[in-house]
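S.K.: model this:
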Amino acid sequence: MSTPTTKPASSEDVLGQKYDRCLADFLVKGGVGFSVGVVASVILFRRRTWPIALTTGFGAGAAYADCDRSFNPARIPGTRIISPAELAPSSK
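M.R.: Presented below is the predicted three-dimensional model:
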């Protein structure tokens, strides 16, 4: 019995998946921020527009931060990039 070998994903596919995830995250978090802003505007602030803009910006900013961490994992606090030389076992 032979085991099926899987082909590694190409860098274009990985990049496309990251962009798709970032766009979906932006739409969800921006939409939630917009919704919270509308509710806050109607209930608390006598139908002013600034709560809508503020909370939409908060949602978009959170999505941007998550996307930035996705594309640049070195910006996550406490992480370290390990070079291939450090991974290879040293033979003495």
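
S.K.: Please identify the buried residues of the longest helix seen in the chain?
M.R.: Counting residues, the longest helix found in the chain (DSSP state H) is helix 11-43. Buried residues in helix 11-43, defined by neighbour count with 16 or more other Cβ atoms under 10 Å: 22, 25-26, 29-30, 32-34, 36-38, 40-41. For every residue, glycine as well, the C-beta is placed using N, CA and C.

S.K.: would you turn those residues into a markdown table with pLDDT?
M.R.: Formatted as a markdown table, the buried residues of helix 11-43 follow (pLDDT from 0 to 100):
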| residue | pLDDT |
| --- | --- |
| 22 | 96 |
| 25 | 97 |
| 26 | 97 |
| 29 | 97 |
| 30 | 96 |
| 32 | 97 |
| 33 | 97 |
| 34 | 97 |
| 36 | 96 |
| 37 | 96 |
| 38 | 96 |
| 40 | 94 |
| 41 | 95 |
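
S.K.: so which of these would you say is closest to residue 12?
M.R.: The shortest approach to residue 12 among the buried residues of helix 11-43 belongs to residue 22, at 15.6 Å (Cβ to Cβ).

S.K.: so where does the residue nearest to that closest one when sequence neighbours are not counted fall, helix or strand?
M.R.: Distances taken as Cβ to Cβ, 6 or more residues apart in numbering put residue 67 closest to residue 22, at 3.8 Å, once the chain neighbours are dropped. Assigned by DSSP states H and E, residue 67 belongs to helix 50-71.

S.K.: Alpha carbons of that helix, as CSV, please.
M.R.: Extracted C-alpha coordinates of helix 50-71, given in CSV (Å, rounded to 0.1, in the frame of the first residue of the first chain):
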residue,chain,number,x,y,z
TRP,A,50,-19.6,60.2,15.4
PRO,A,51,-20.3,57.0,17.4
ILE,A,52,-20.8,55.2,14.1
ALA,A,53,-17.5,56.4,12.6
LEU,A,54,-15.6,55.8,15.8
THR,A,55,-16.7,52.2,16.4
THR,A,56,-16.4,51.4,12.7
GLY,A,57,-12.8,52.7,12.9
PHE,A,58,-12.2,50.5,16.0
GLY,A,59,-13.4,47.4,14.1
ALA,A,60,-11.3,48.3,11.0
GLY,A,61,-8.2,48.9,13.2
ALA,A,62,-8.6,45.6,15.0
ALA,A,63,-8.9,43.9,11.6
TYR,A,64,-5.8,45.7,10.4
ALA,A,65,-3.8,44.7,13.4
ASP,A,66,-4.8,41.0,13.0
CYS,A,67,-3.9,41.2,9.3
ASP,A,68,-0.6,42.8,10.1
ARG,A,69,0.2,39.9,12.5
SER,A,70,-0.8,37.4,9.8
PHE,A,71,1.6,38.8,7.3
